[in-house]
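In: Sequence and predicted model, in that order:
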Amino acid sequence: MNEQASSRRRALERLVGLTALGAANALRVPQALAAAAPARLSIPGVAGKVIRRQDADYEMWRQSMVWHMSKPNRRPDVIVQAKSTQDVIGAVNHAARNKLKVALRSGGHNSNGASLRDGGLLIDVSAMQDIRIDREKRIASIQTGVRSLELVKAAREQGLTFPVPHCPSVGLGGFTMGGGIGWNYPQCGGMSVHSIVGAEVVTADGRVLRAAPDENPDLYWAVRGAGPGFFGAVTRLDLRLYEAPKAIMASSYILPLAELKTVTSALDAIRQAGGTERIELITVLMHHPEVPADAPPEKSKICFFTAFVFEDSEEKARAALAPFARSALGGDKCLIKQEYRSFDFEGLYDRFFSLDDPAGRCARYAVDNVLTDRGSEALHALAGHFAKAPSRDCHVLASYNMGTRALPDSCFSWKADCFVGSYAIWDEEKDDARNFAWLKETLPLMDPFAVGHYVNEVEARTNPGRYVQCFSEANWRRLQELRRKYDPAGVFHSYLGHA
Ligand SMILES: Cc1cc2nc3c(=O)[nH]c(=O)nc-3n(C[C@H](O)[C@H](O)[C@H](O)COP(=O)(O)OP(=O)(O)OC[C@H]3O[C@@H](n4cnc5c(N)ncnc54)[C@H](O)[C@@H]3O)c2cc1C
């Protein structure tokens, strides 16, 4: 192999460790600020830090509430960093008395920066990080500031696991309440919202209510799926845990974008043959990271397919991955493959969701999606448009075997096999219009395949109506009715762009 070919191969090998959902750099700023910013205003009953608009460090706090770099130009009057449920009650009561509308923030990863609103009071629960695990009942009771990696570590100590976000710093609060496509979702109840079994909610009148199947079941219904427009402050979530896998293994295949048909045909055939229902299957259309951004698509755009297997033994994991190794995925069109690689959870985050990842870069960020039963068709419909993406880190991701459900005790509304997301990732403000336009143009291409949309990953800054499309008509109507019941005076903000 000549030097150029071997350098290309090394680049592709590195790429096998990359993918499209995320990275971990949100934790640092608030912690640094916590040491630097003394509280100057006290709110009765609130022990946590309080930052007002006139405080010198307000702007740093405000910006640190949102993980990515498209910082919204929206300014709450007060930010409260709650340390306890008591703090949340104090903050809600203060807001209600002073006619300040309340917003919530857990991990700050929402692409719309939904926690930052104009005026009002923002309650940041990211410092509330208690985790209690009942091994026997297989339940974790977590405060809503807990993030992906912390829960997976705590559960693993008890031989258990949860479908946590693919990126270690994403907040369990927003992620789980909106849906949650977590690691090993096919074997952990589908979307993580289906694994919420109870919640502690501070309501607009400052009460602490338990939401569970037999206690305030309507509130329970709303917690399970309302996402970034919920009408209360959730301080604890009780989550069903699952037996931890003994073997985690992945096989990855990279082909040129022009070979998308090879990828989807192979995948569809393998799935039709059966036995793949327990496997997390992800296809990403992306730019080759070592090829200049302006290289023509035929030289730069690739399909990157990975099958992730979580099993009881290495033997079973290998058997589950065998059909992929036998298929055309690794055939003569394949640029590179890495098969039967073993991981632990930390390894998964590092290899597939590292800071080198195109999506993981903390850049300007926008996303929209469909939930669909025709994932491969949606990918083909998007491929040509993807090839013309305005920025090199724009990508399209399809997760199969989602197994989402529409249940009577959850406002999550859709039964679908596949999530397809279009992601625009870019650096400069001057490129905002081009990237938002590119993302918007993906909608008429993928929407015809939609059974619905995933509320945590829609572009609502430019299209607030998108939130409505994330729920069935009946569920959206019931959510509004429950908002009137639990928050008649409108203490809590609704969805961004909605009164
Ligand atoms: C890098 C990256 C990786 C991601 N990876 C995944 C992934 O693997 N799978 C996936 O499904 N999604 C993923 N997402 C999307 C993620 O699910 C959403 O961004 C989600 O909103 C993040 O939750 P958060 O708590 O971090 O966000 P926040 O911005 O803190 O919260 C979002 C909204 O949720 C509501 N909320 C949050 N906390 C509370 C609370 N305690 N009480 C009431 N309401 C609350 C508020 O309305 C808030 O504005 C990722 C996003 C990024 C940027």
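Out: Arrived safely. This structure is a prediction, so every number in the text was calculated from the model and none was measured.
In: Okay, domains of this protein per the record?
Out: 28-66+71-124, 131-243, 247-470 (automatic domain parsing).
In: out of those domains, which comes closest to V491?
Out: Checking the domains of the chain against V491 by CB to CB gives domain 131-243 as the closest, at 3.8 Å. Yep, even glycine has a C-beta here, placed from its N, CA and C like the rest.
In: Within range of the ligand, give me the residues from the chain.
Out: 21-23, 67, 104-111, 114-115, 125, 144, 165-167, 170-171, 173-175, 178-181, 227-228, 230, 233-234, 360, 456-457 (CB under 6 Å from any ligand atom).
In: Please produce a ChimeraX select command covering the buried subset of these.
Out: Per 16 or more other CB atoms under 10 Å, the buried members of these correspond to this ChimeraX selection:
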select :21,22,23,67,104,105,106,107,108,109,110,111,114,115,125,144,165,166,167,170,171,173,174,175,178,179,180,181,227,228,230,233,234,360,456,457
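In: Mind checking which of the residues of the chain next to the ligand are in strands?
Out: By the criterion of DSSP state E, membership of the residues of the chain next to the ligand in strands covers 104-105, 233-234.
In: mind putting those residues in a markdown table, pLDDT and distance to L241 included?
Out: Formatted as a markdown table, these follow (pLDDT from 0 to 100; distance: CB to CB, whole Å):
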| residue | pLDDT | distance to L241 |
| --- | --- | --- |
| L104 | 98 | 24 |
| R105 | 98 | 25 |
| A233 | 98 | 24 |
| V234 | 98 | 19 |
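In: With P323 as the reference, measure out to the residue minimising distance to the centre of the chain.
Out: For the chain, the residue nearest the mean C-alpha position is F175 (5.5 Å; CA atoms, centre = their mean). Distance, F175 to P323, using CB to CB, to the nearest Å: 31 Å.
In: go on, G90?
Out: 56 Å.
In: Which residue of those two possesses the greater neighbour count?
Out: G90 (24 against 20; other CB atoms under 10 Å).
In: In terms of pLDDT, where does the more buried one sit?
Out: You'll see G90 listed with a pLDDT of 98.
In: Which neighbouring elements make contact with the host helix or strand of V451?
Out: Here V451 sits within strand 450-452, counting by DSSP states H and E. Counting contacts by 3 or more CB pairs under 8 Å, 6 or more residues apart in numbering; DSSP states H and E, strand 450-452 packs against strand 364-372.
In: what's whatever helix or strand comes next after the strand it packs on in contact with?
Out: Next helix or strand after strand 364-372 toward the C-terminus (DSSP H and E): helix 375-387. With CB atoms under 8 Å, 6 or more residues apart in numbering as the test, helix 375-387 has contacts from 257, 260-261, 264, 267-268, 283, 285, 297, 301, 370, 372, 394-396, 398, 400, 417-420, 422, 438, 441-442, 445-446, 448-449.
In: Kindly calculate the angle that helix 375-387 makes with strand 364-372.
Out: 150 degrees (axes from the mean of the first three to the mean of the last three CA atoms, to 10 degrees).
In: so how far is helix 375-387 from its chain's centroid?
Out: 21 Å (CA atoms, centre = their mean, to the nearest Å).
In: List the buried residues for whichever helix or strand comes after that helix?
Out: For helix 375-387, the succeeding helix or strand toward the C-terminus, using DSSP H and E, is strand 395-400. Neighbour counts over strand 395-400 (16+ other CB under 10 Å) mark 395-400 as buried.
In: Strand 395-400 packs against which elements?
Out: strand 280-287, helix 375-387, strand 418-426.
In: Redo the ones you listed as JSON lines? Include mean neighbour count, distance to D332 and mean pLDDT.
Out: Formatted as JSON lines, the helices and strands packed on strand 395-400 follow (neighbours: other CB atoms under 10 Å; distance: least, CB to CB, whole Å; pLDDT from 0 to 100):
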{"stretch": "strand 280-287", "mean neighbour count": "24", "distance to D332": "19", "mean pLDDT": "96"}
{"stretch": "helix 375-387", "mean neighbour count": "20", "distance to D332": "21", "mean pLDDT": "98"}
{"stretch": "strand 418-426", "mean neighbour count": "26", "distance to D332": "27", "mean pLDDT": "97"}
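In: I'd like the ones you listed laid out as TSV, including distance to A211.
Out: Formatted as TSV, the helices and strands packed on strand 395-400 follow (distance: least, CB to CB, whole Å):
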stretch	distance to A211
strand 280-287	29
helix 375-387	33
strand 418-426	26
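In: before we move on, back to that, show me the two of the ones in strands among the residues of the chain next to the ligand that sit farthest apart.
Out: R105 and V234 (11.8 Å).
In: Can you list the neighbours in contact with stretch 422-438?
Out: In contact with stretch 422-438 (CB under 8 Å, 6+ apart) are residues 20, 69-70, 358-359, 361, 363-369, 382, 385-386, 388-391, 393-397, 439, 442, 446, 459, 462.
In: rerun at 7 Å
Out: With contact meaning CB atoms under 7 Å, 6 or more residues apart in numbering, stretch 422-438 is reached by 20, 358-359, 361, 363-368, 382, 389-391, 393-397, 439, 442, 446, 462.
In: and that stretch, which residues are buried?
Out: Buried residues in stretch 422-438 (16+ other CB under 10 Å): 422-426, 435-436, 438.
In: how close does the nearest residue to F343 once chain neighbours are set aside sit to K101?
Out: Spatial nearest neighbour of F343, chain neighbours left out: I248 (4.7 Å); criterion: CB to CB, 6 or more residues apart in numbering. I248 sits 44 Å away from K101, going by CB to CB.
In: what do you get for H287?
Out: 41 Å.
In: Do you know the pLDDT at the residue nearest to F343?
Out: You'll see I248 listed with a pLDDT of 97.
In: quick one: contacts for it?
Out: 310, 342-344, 348.
In: Assign it to helix, strand or coil.
Out: Of the three states, I248 takes strand under DSSP: H, G, I helix; E, B strand; the rest coil.
In: By proximity to the ligand, which residue of the stretch 351-499 of the chain wins?
Out: Of all residues in the stretch 351-499 of the chain, N456 sits closest to the ligand, at 3.8 Å by CB to the nearest ligand atom.
In: Surely that residue is in contact with I181?
Out: No - applying CB atoms under 7 Å, one finds N456 not in contact with I181, separated by 8.6 Å.
In: pLDDT added to the buried residues of strand 395-400, as CSV?
Out: Listed next are those as CSV, based on pLDDT from 0 to 100:
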residue, pLDDT
H395, 96
V396, 97
L397, 97
A398, 98
S399, 97
Y400, 98
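In: Pick out the most distant pair among these.
Out: H395 and Y400, at 16.5 Å, using CB to CB across the buried residues of strand 395-400.
In: circling back: for the residue nearest to the centre of the chain, what are its contacts?
Out: Here F175 is in contact with 165, 192, 456 (criterion: CB under 7 Å, 6+ apart).
In: Can you name the residues that contact the first one?
Out: Neighbour list for P165: 148, 175, 182 [criterion: CB under 7 Å, 6+ apart].
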